[in-house]
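# Got a sequence here, can you model it:
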Amino acid sequence: MNRIKKVLQWSKQHALALVIYVLGLILAAVIGRITTTALNRHDTGGLRFEPYIAVVVSKESVDFPIPEEFLRGFQDGSSGKTYLETRDGRKVDVRTFEDLGSVEEARRIANDLVHDQNCILAIGNSNSTLTATTLDVFLGSSDPPSYILPIATANELITKAKTAGHGAVLRMVPDNAEQADVIQRLIANLAPTQRAAIYIDEENPVYSLNLSRDIASRVRRHGGRIVIEEMLGPSNSIYSSREAWKSEKPPDIIVFVGVAHHGLLLIDQLSELAVHTPLVFTDGCMVGALIENIAKIPNRAFVLSPVGGKNEATQMPTYQPIGRDAYTLTSQIISGCSNCTRTNLRSHISQTKQQTMLSNGNAGEYSFNADGNNIGMRYHVYEITGGKLKEVTQF
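Purely as a prediction, here's the structure:
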């Protein structure tokens, strides 16, 4: 009898414990739901999640410190704050995403962002090819996030956004057409015959092909000739075009259109071949390693940059000041927007972009035209000499 009582008592205890456990789960779910609802409740009484800004960079790219410099500057500008505030006092989170310099990863992130209504604005990517990938995803949506381009210069990006009717895309740096103009004038000054070779980076084809063709068109228009126009990278080398120089004299100037890694490869190959032709590097090569490696060869060398005025002459102008300016510009835009949903922010930028100006930025002036291009900034030409930079002001 006692044994039966003990069994019944044990059963009751365990049944009670089970009931308490189940009730606990139900209570936790109810509390979680109430908490989530409270956190996501908008001032008007509707339900919505906190909005956020996505900063998409390729910080892990090898031999390409521009994204890291940009992000460092952006974070410096924030002074440790992880959010911005709208005109009506709502907090907007700032989140960073790493695309690893990969088109596939950039596309995956862009798809996640475009399907997440909490993302109201994207800032990125770290080159024109990745930016074109992201923009294509955004333009496939009827309700895309606004988009700020702090690095990408390919002409077609803004043209594509305009054609698709996305009026909330802003480019912070001058486009490839502006850079091509400066490079043509530089070529004519360095080599009046304008017999130029253009090497095009395989790594960032949207940027490189777009800009190389722009340069070639301008050189021809001004009486010059493009005697070589080839890709440079894992699949192609300067050595293949070097064979043609045996029957004809080398070009009078070499232009490398691309990013740093293959620019450094070009320097190595020119050193091996003892080619002393003057060199021009486009803005994608704006890295400190360029100065160090130019010392290997006696060639005169020039590099372009949208950053000017506040850099030290002993080091390469970096994208850190553009990162700081990106934070200031974004803060200015967000602070002018009320009820800052994705749709409302897009409308706000579309309507005010020609009045959006940052006249005293760390890297220059930001003044946008109706298309969203920055018309307040220009490209600077720097000559690399004796391990230092000297701005060439006539261009």
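# Can you list the buried residues in whichever strand or helix holds residue 157?
Per DSSP states H and E: residue 157 is located in helix 155-163. Across helix 155-163, burial judged by 16 or more other Cβ atoms under 10 Å covers 155, 157-158, 160-161. Heads up, the C-betas are built off the backbone N, CA and C, glycines and all.
# Make JSON lines from the residues you listed and add pLDDT and distance to residue 193 to it.
Shown next, in JSON lines, are these (pLDDT from 0 to 100; distance: Cβ to Cβ, whole Å):
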{"residue": "155", "pLDDT": "95", "distance to residue 193": "27"}
{"residue": "157", "pLDDT": "97", "distance to residue 193": "34"}
{"residue": "158", "pLDDT": "97", "distance to residue 193": "34"}
{"residue": "160", "pLDDT": "97", "distance to residue 193": "36"}
{"residue": "161", "pLDDT": "98", "distance to residue 193": "39"}
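# So which of those is the closest to residue 51?
residue 161 (21.3 Å; Cβ to Cβ).
# Contact partners for residue 238?
Applying Cβ atoms under 8 Å, 6 or more residues apart in numbering, we find residue 238 in contact with 199, 230, 232, 266, 269-270, 273.
# circling back: got the contact list for the helix holding residue 157?
Here helix 155-163 makes contact (Cβ under 8 Å, 6+ apart) with 128, 131-132, 135, 139, 147, 149, 167, 169, 171, 175-177, 206, 210, 214, 371-373.
# Buried ones among those?
Buried by 16+ other Cβ under 10 Å: 128, 131-132, 135, 139, 147, 149, 167, 169, 171, 175-176, 206, 210, 214, 371-373, out of the contacts of helix 155-163.
# Mind checking which of these are in helices?
128, 131-132, 135, 139, 176, 206, 210, 214 (DSSP state H).
# now those in CSV, with pLDDT and distance to residue 55?
As requested, those are exported to CSV (pLDDT from 0 to 100; distance: Cβ to Cβ, whole Å):
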residue, pLDDT, distance to residue 55
128, 96, 17
131, 98, 13
132, 98, 18
135, 98, 16
139, 98, 20
176, 96, 23
206, 94, 20
210, 92, 24
214, 97, 29
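# Reformat those residues as JSON lines; add distance to residue 362.
Below are those laid out as JSON lines (distance: Cβ to Cβ, whole Å):
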{"residue": "128", "distance to residue 362": "23"}
{"residue": "131", "distance to residue 362": "22"}
{"residue": "132", "distance to residue 362": "27"}
{"residue": "135", "distance to residue 362": "26"}
{"residue": "139", "distance to residue 362": "31"}
{"residue": "176", "distance to residue 362": "23"}
{"residue": "206", "distance to residue 362": "27"}
{"residue": "210", "distance to residue 362": "27"}
{"residue": "214", "distance to residue 362": "28"}
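# For those, name the two members farthest from one another.
Going by Cβ to Cβ, the pair spanning those furthest: 139 and 214, at 22.9 Å.
# which non-adjacent residue is nearest residue 171?
Spatial nearest neighbour of residue 171, chain neighbours left out: residue 149 (4.5 Å); criterion: Cβ to Cβ, 6 or more residues apart in numbering.
# Is it correct that that neighbour is in contact with residue 172?
Yes: counting by Cβ atoms under 8 Å, residue 149 does reach residue 172; the two are 6.5 Å apart.
# Relative to residue 143, how far out is residue 114?
Taking Cβ to Cβ, to the nearest Å as the measure, residue 114 falls 8 Å from residue 143.
# Which residue of those two possesses the greater neighbour count?
Neighbour tally, residue 114 and residue 143, criterion other Cβ atoms under 10 Å: the higher count belongs to residue 114, 20 against 11.
# didn't that one look like it was pressed against residue 139?
No: between residue 114 and residue 139 there is no contact under Cβ under 8 Å: 9.6 Å.
# quick one, what contacts the spatially closest residue to residue 152 that is not a sequence neighbour?
Leaving out its chain neighbours, the residue that sits closest to residue 152 by Cβ to Cβ, 6+ apart is residue 131, at 3.8 Å. Residue 131 sits next to 124-125, 149, 151-152, 154, 157, 206 when contact means Cβ under 8 Å, 6+ apart.
# Nice, that's everything, thank you.
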